[in-house]
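Asks: pasting the structure only:
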């Protein structure tokens, strides 16, 4: 009973302490990636996602005086197309969602590095072509830098640059006999607002 | 000093993730194919190769199906099967309600049209039904006159056992001709075998259709 009462006192206090130390941010930007598929049927064919508007949301918590651990989620949506012999074919809309668990630390007072691992899911608008058997979820590793500049007492302007890497394939590509996976590198840049401790 | 202490960590992480990106996806060979072009003798020792596929500018192909038996459903199912053969949007078709606007017309019954300009791809099919696809190619022209006409004919009472299945697989087979596979496969497990018994496309059917759509055809579709 004493333990329960103790917890009842400690938990809200801990929660409010965590809340005070938690750093939140959100931003809008764009993501650009390398080819999802490189194939050859007489001529070379490439499937690529277009420049994708990106919404990023994240939160971090200090784990030492210098470093923080955090979760970052990003959503992108854009068209994707195949390219062959200079011609392009629109293949529909492709959305991605990623969640990355990472660490960040200081480089200089206003700039921090960030690195993490997570999962990336592809949601095609239609189950056809390379996505005939549906979307796919892949492991993701990434790194980046954040720049923050205070603009109000509790709010910072935040500019971020991210690089991430994953290996792409789908159930349909595997069923068709494609070997290995395609290494996909993405770069995203976004601008947003952060609230909390820097 | 802070900068110098942290930059190496960042560089190591970037190099580690970037270093994983060396190997790329490996395409399947697509070497297990059958001849899809039609070789037409033009004289002693000479022949002409007829090949066709729908150009991207003409997609989606408009297909009209006679509303009888299960013809419309069979055509939709055939379209789905052939669309699924392609990875990069090479072929797309829709069912239209007016035969006057159709690129391909599918009817139940025996082939009614024939003559000098018609290349008929007939299939001696299962005993329950048969089918054929007519392409009209005016002499000396490389432009097909549209619509392409497909016939699927039940040989017995449509309610008889096996007729519905035969009509469905024959419709998919004839649509295979209409998308540009002008020849029959020598393999019994392919939908494009002359006397098909399977209802879905084999890997060989898919690979043949994919390659056919990436090689410049000798024929083009005329206006509609």
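Replies: All right, it came through fine. Computed from a predicted structure; not experimentally measured. Residues are numbered from 1 along each chain as shown, chains lettered A, B, ... in the order given.

Asks: State the distance from the nearest residue to residue B:54 once chain neighbours are set aside to chain A.
Replies: Counting by Cβ to Cβ, 6 or more residues apart in numbering or on different chains, residue B:61 is the residue found nearest to residue B:54 once chain neighbours are left out, at 5.3 Å. (C-beta placed from N, C-alpha, C; glycine too.) Per Cβ to the nearest Cβ, to the nearest Å, residue B:61 is found 15 Å from chain A.

Asks: was I right about residue B:61 contacting residue B:52?
Replies: No - using Cβ atoms under 8 Å, residue B:61 is not in contact with residue B:52, being 11.9 Å away.

Asks: quick one: which of these two has more around it?
Replies: Using other Cβ atoms under 10 Å in any protein chain shown, the more surrounded residue of residue B:61 and residue B:52 is residue B:52, with 25 against 22.

Asks: ok so, going back, so what's the residue nearest to residue B:54 bridging to?
Replies: In this entry, residue B:61 is beta-bridged to residue B:93, by DSSP bridges.

Asks: same deal with the one 4 residues further on?
Replies: Taking DSSP bridges, one finds residue B:106 as the beta-bridge partners of residue B:65.

Asks: list the contacts for it?
Replies: By Cβ atoms under 8 Å, 6 or more residues apart in numbering or on different chains, the contact list for residue B:65 reads B:71-72, B:74-75, B:95, B:106.

Asks: which intervals of chain A have sub-threshold pLDDT?
Replies: Applying pLDDT under 70 to chain A flags residues A:1-20, A:197-198.

Asks: Recalculate using a threshold of 90.
Replies: A:1-22, A:85-87, A:109, A:152-154, A:180, A:196-198 (pLDDT under 90).

Asks: what ranges do the helices span in it?
Replies: A:2-21, A:171-175 (DSSP state H).

Asks: on that earlier part again, got the confidence number for the residue nearest to residue B:54?
Replies: pLDDT recorded at residue B:61 is 97.

Asks: Leaving out sequence neighbours, find the closest residue to residue B:28.
Replies: Counting by Cβ to Cβ, 6+ apart, the residue nearest residue B:28 is residue A:177, at 3.5 Å.

Asks: Please apply the same query to residue A:40.
Replies: In space, residue A:40 is closest to residue B:27, 5.0 Å off (Cβ to Cβ, 6+ apart).

Asks: so the one you found sits right up against residue A:43, yeah?
Replies: No - if you go by Cβ under 8 Å, residue B:27 and residue A:43 don't touch, sitting 11.8 Å apart.

Asks: From the neighbour counts alone, determine which of these two ranks first.
Replies: Comparing residue B:27 with residue A:43 by neighbour count (other Cβ under 10 Å), the higher total belongs to residue B:27, at 18 against 11.
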